[in-house]
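K.L.:
using only what follows, build the 3D model:
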Amino acid sequence: MRALHPVVLFATLALTACGDPIRPLPPQGESKQTPGKGPVSTKSTLPEKPGSDHGDKTDLGTLAITGNKFRIVRLGKLEPGKEGAFEVHPQGASPDDLAKWNLYLWVEDKAGTQLSAPAKGSVEDSALHFHVTPRKSETTPARVVLRLRSEGTDERAGLPLDGHGHEHIEGPHSGVPARFTTGGGTGQLELKLHDDKGDLELWLYQDAAFSKPFDLPVSATIEIEFIDVDDRKITLRPRNTEKNEDEDGNPNIRDAGTNYFIYPSQEGEDASWLKGKTFQSIVIVRFTNDGKKSSSEEFVLKPHVH
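P.N.:
Numbers count the residues shown, from 1 in each chain. So this is what the prediction gives:
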């Protein structure tokens, strides 16, 4: 057998090491052909990181806890038995604030029954991220609650899940509450408008908890001014002077005094202009107590929908 000349051997090795000079190697990410096996991808086969998107964002509004404001965002839908997510954006908070705060979030139904376990937020960029799973119940989630615990503070506040941006606060009879001033003091009233008949019920209380009736003589009258209905004024009176029952049949007479007044209260009074689910007006409630004029704050009256 003849030995290869050293020059020929060197040339052969050089060509083998350099590969095919006519067909360059495919760049990374493209496919190359393997004889008999079809194209083979040169892309990485590592699994992609799953997305963290929970769905469309719904801005629920901003709530305040001990002077700190938090914007609440719901991510996607919130369904019983399924995990939902929220973002909480502290307004003007420093990194030190975020580090010392313990923030918890859960959801409740309209009656205030807790429907999910409290979740503690994890910091993501400048916001906190929460995951909650509402349990399956006869009632549905209606509000989200945020609780702040920090250096002796333990407070909470909530927002409705419908995105209105504020909670619809109701009195004990599902009416609209408002504050009134009388003499040197203050009290609380509840005004309820029934959408089906347009009739009004009014209760007066000494305290914000609606626990102590603020009684006036049964001969007293109440005036309500409707700012958005050409400043129209109406007069409320007791239903009667014997028991003065409310619409649930509860008597409201105590030592010749009462805290309950209605409209219409006399024949010929027409309440049809107050009917309907869409009625609303700014109102002011006025009355006289021991010769002193009393007046409520301005507030928006909306109907209780049956």
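K.L.:
OK, contacts around the closest residue to T139 other than its chain neighbours?
P.N.:
Counting by Cβ to Cβ, 6 or more residues apart in numbering, T139 lies nearest to D109, which is 3.8 Å off, once chain neighbours are set aside. The way it works is simple: take the backbone N, C-alpha and C, and place the C-beta from them, glycine included. Contacts for D109 (Cβ atoms under 8 Å, 6 or more residues apart in numbering) come out as 115, 137, 139-143.
K.L.:
then D195?
P.N.:
D195 sits next to 275-277, 279, 303-306 when contact means Cβ under 8 Å, 6+ apart.
K.L.:
dump the residues you listed to TSV, plus neighbour count and secondary structure.
P.N.:
Formatted as TSV, the contacts of D195 follow (neighbours: other Cβ atoms under 10 Å; DSSP: H, G, I helix; E, B strand; the rest coil):
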residue	neighbour count	secondary structure
K275	16	coil
G276	14	coil
K277	12	coil
F279	17	coil
P303	21	strand
H304	16	strand
V305	12	coil
H306	8	coil
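K.L.:
out of these, flag the one nearest to P160.
P.N.:
V305 (15.6 Å; Cβ to Cβ).
K.L.:
correct me if wrong: the closest one contacts T278.
P.N.:
No - taking contacts as Cβ atoms under 8 Å, V305 lies outside contact range of T278: 9.9 Å.
K.L.:
re earlier: between the contacts of D109, which sits nearest R74?
P.N.:
Closest to R74, out of all of those and judged by Cβ to Cβ, is P141, at 10.2 Å.
K.L.:
relative to G76, how far out is the closest one?
P.N.:
As judged by Cβ to Cβ, to the nearest Å, P141 and G76 stand 13 Å apart.
K.L.:
for the helix or strand in which F180 is found, name the packing helices and strands.
P.N.:
F180 belongs to strand 176-182 when assigned by DSSP states H and E. Other elements packing on strand 176-182 under the criterion 3 or more Cβ pairs under 8 Å, 6 or more residues apart in numbering; DSSP states H and E are strand 185-194, strand 281-289, strand 292-296, strand 299-301.
K.L.:
10 Å instead?
P.N.:
Applying 3 or more Cβ pairs under 10 Å, 6 or more residues apart in numbering; DSSP states H and E, one finds that strand 176-182 makes contact with strand 185-194, strand 200-205, strand 281-289, strand 292-296, strand 299-301.
K.L.:
off-centre distance for the second one?
P.N.:
Using Cα atoms, centre = their mean, to the nearest Å, the distance from the centre of strand 200-205 to the centre of the chain it belongs to is 27 Å.
K.L.:
contacts for the following helix or strand past it?
P.N.:
Next along the chain after strand 200-205, taking DSSP H and E as the criterion, comes strand 216-217. Contact with strand 216-217 is made by 182, 204, 222, 238, 241, 256-261, 287-290, 294, as judged by Cβ atoms under 10 Å, 6 or more residues apart in numbering.
K.L.:
list only buried entries from those residues.
P.N.:
Burial by neighbour count, judged by 16 or more other Cβ atoms under 10 Å, picks out 182, 204, 222, 238, 257-261, 287, 289, 294 from these.
K.L.:
a markdown table please, covering the residues you listed and showing distance to E87 and pLDDT.
P.N.:
Below are the buried ones among the contacts of strand 216-217 laid out as a markdown table (distance: Cβ to Cβ, whole Å; pLDDT from 0 to 100):
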| residue | distance to E87 | pLDDT |
| --- | --- | --- |
| T182 | 45 | 90 |
| L204 | 42 | 98 |
| I222 | 46 | 98 |
| P238 | 51 | 98 |
| G257 | 52 | 97 |
| T258 | 50 | 98 |
| N259 | 45 | 98 |
| Y260 | 45 | 98 |
| F261 | 46 | 98 |
| F287 | 47 | 97 |
| N289 | 49 | 89 |
| S294 | 45 | 96 |
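K.L.:
pull the most distant pair out of the residues you listed.
P.N.:
Across the buried ones among the contacts of strand 216-217 (Cβ to Cβ), the longest gap, 18.3 Å, separates T182 and P238.
K.L.:
can I see the domain layout of the protein?
P.N.:
Structural domains assigned to the chain are 57-160, 176-304, following automatic domain parsing.
K.L.:
any chance of the ones you listed in a markdown table, plus distance to E170?
P.N.:
Shown next, in a markdown table, are the domains of the chain (distance: least, Cβ to Cβ, whole Å):
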| stretch | distance to E170 |
| --- | --- |
| domain 57-160 | 10 |
| domain 176-304 | 7 |
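K.L.:
since that was my last question, I'll sign off now.
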